[in-house]
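[1] one predicted model, sequence on top.
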Amino acid sequence: MALSVIDLYRDVLPKTNCGDCGFKTCMAFAGMVVSERLPIRNCPHLDADVVASCEKKLQEQYDSGKWLKKNPAKDALLWAKKRSASMVLEDLPKRIGGRIVTRNGTKVSALPYFNKTIFVSFDTIVDEDGLELNMWEQVFIYNHIAQNGSAEPSNDWKGFSEFPNTVSKIKSMEAHIEKPIADFFSGSPDRLLLAAKRIGGVDKTKEMDSADVAILFSPLPKVPVMLLFWDVDQKDGFEAQVKLLFDATVTQHLDIESIMFLSERIYQLLCR
Ligand code: SF4
C-alpha cells in the first residue's frame, strides 16, 4: 500500500520536530520524502526494520510516479534514455562520430562535444573530469543517439524556421536564445569571438560575408551550428541581431525540441 505524506507523518515519523533531518518539522520532511524521493533514512530516529519496510513501499510508488513532484528535466531525460536504450553502443562511431573506449572497466562512447570530450554510456554522460553533464544536455545527446541518423553535414545552412514543425518554437528561439545573445554582445563583436573561441567556435566571417561576425560551432561531430551576428548600428537605429543556422541534415540527428535545448546550451556557454 502506498505511503502518503499523512501516512508517513501519522504512522511512521516520531513527530518530535527535532530538526535532525535538516527540516524544521516531521511534516515537512514527510512531504520531501513522498514528493522529492528524499531518503527516509535521513531521519535517524527510525528503527531499521521500519526504514526497510517504508523504502520498499516508497520505491513502488516512486516507480509508478504517484505523488512525485513533476520535474520536466528529469522526465525528459528518462524519456530520452528510454528512446536510446535500444541502440547499440558499437554502432555509434559510424553514425554520430567519436570512438569506443574503455573507461573504469566499462565500454563507453568518447564523443567530441564543443572543444571537449564526453563519455557516453546508456546510464549517464560525464565530462573528462567524471562530472555528469546537466540534465538538458544529456537529453539532447540521448535524443541524438535515439534519432538513429547517420548523415554527414551537407554545408547547406538553414534558419530554424525553415525546418518543419518549428512554428510553435520560433518565437522562443528568437526571444530566449537569439535576442539575449545579440543583446549580450551588442557593440562588442570581439568579445563574442573570444567567448566563442573558448568553446571551440571557429571564425568564419570571411566565408559568410553577409554578417559582421560568423562563427562555426561543433557541439557534436555531425551537428554543426553557425552563429551569425550583426552588430548594433546606432546611426541607422538597428539593434544587434543574432541568427543561428543549422545544417540541412540536423533533423536527421535531433528532434526539434532537442535543437532548442542545444541552442539554449550554446547561449548559456557564450553568455555565462
Ligand atoms: S529527524 Fe525525524 S523526528 Fe526529527 S524532525 Fe526530522 S523527521 Fe522528525
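    Yes, it's here.
[2] what about stretch 154-166, average pLDDT?
    In this model, stretch 154-166 has a mean pLDDT of 96.
[3] my bad, stretch 187-196
    97.
[4] what does it rub up against?
    With CB atoms under 8 Å, 6 or more residues apart in numbering as the test, stretch 187-196 has contacts from 185, 201, 203, 212-213, 215, 217, 227, 229, 231-232, 240, 270-271. Using the backbone N, CA and C atoms, a C-beta is placed for each residue, glycine as well.
[5] check whether residue 143 really touches residue 82, as I assumed.
    No - if you go by CB atoms under 8 Å, residue 143 and residue 82 don't touch, sitting 10.9 Å apart.
[6] related to what we said a few turns ago, among the contacts of stretch 187-196, name the ones in strands.
    If you go by DSSP state E, the contacts of stretch 187-196 have 203, 213, 215, 217, 227, 229 in strands.
[7] quick one, what contacts the residue nearest to the fifth one when sequence neighbours are not counted?
    In this case it means residue 227. Among residues not flanking residue 227 along the chain, residue 215 sits closest, at 4.7 Å (CB to CB, 6 or more residues apart in numbering). Counting by CB under 8 Å, 6+ apart, residue 215 touches 192-193, 196, 201-205, 226-227, 229.
[8] can you pick out the residue with more neighbours from residue 143 and residue 82?
    Taking other CB atoms under 10 Å, residue 143 and residue 82 do not tie; residue 143 has more neighbours (24 against 11).
[9] confidence score at the residue of the stretch 151-272 of the chain found nearest the ligand?
    Closest contact between the stretch 151-272 of the chain and the ligand, by CB to the nearest ligand atom, is at residue 268 (36.4 Å). In the predicted model, residue 268 carries a pLDDT score of 96.
[10] help me confirm that it is found in a helix?
    Yes - Residue 268 sits within a helix when classified using DSSP: H, G, I helix; E, B strand; the rest coil.
[11] against residue 59, how distant is it?
    34 Å (CB to CB, to the nearest Å).
[12] and for residue 164, nearest residue in space, chain neighbours not counted?
    Nearest non-adjacent residue to residue 164 (CB to CB, 6+ apart): residue 251, at 7.5 Å.
[13] I figured that neighbour hits residue 163, correct?
    Yes - at 5.7 Å, residue 251 and residue 163 qualify as touching, with contact defined as CB under 8 Å.
[14] the more surrounded of the two?
    residue 251 (20 against 16).
[15] just the pLDDT for that one.
    At residue 251, pLDDT is 97.
[16] flag every buried residue along the host helix or strand of it.
    Element membership for residue 251 (DSSP states H and E) is helix 250-253. The neighbour-count check on helix 250-253 (16 or more other CB atoms under 10 Å) flags 250-251, 253 as buried.
[17] with stretch 207-226 instead?
    208, 211-226.
[18] then stretch 102-116?
    Under the neighbour-count criterion of 16+ other CB under 10 Å, stretch 102-116 has 108-114 buried.
[19] next: stretch 41-60.
    Neighbour-count burial for stretch 41-60 [16+ other CB under 10 Å]: 43, 46, 50-51, 54, 57-58.
[20] which of these sits closest to the ligand?
    For the buried residues of stretch 41-60, the nearest to the ligand is residue 43 (3.3 Å; CB to the nearest ligand atom).
[21] do you know how far the closest one is from residue 18?
    In terms of CB to CB, residue 43 sits 9 Å off from residue 18.
[22] what are the neighbouring residues in contact with residue 77?
    135, 138-139, 142.
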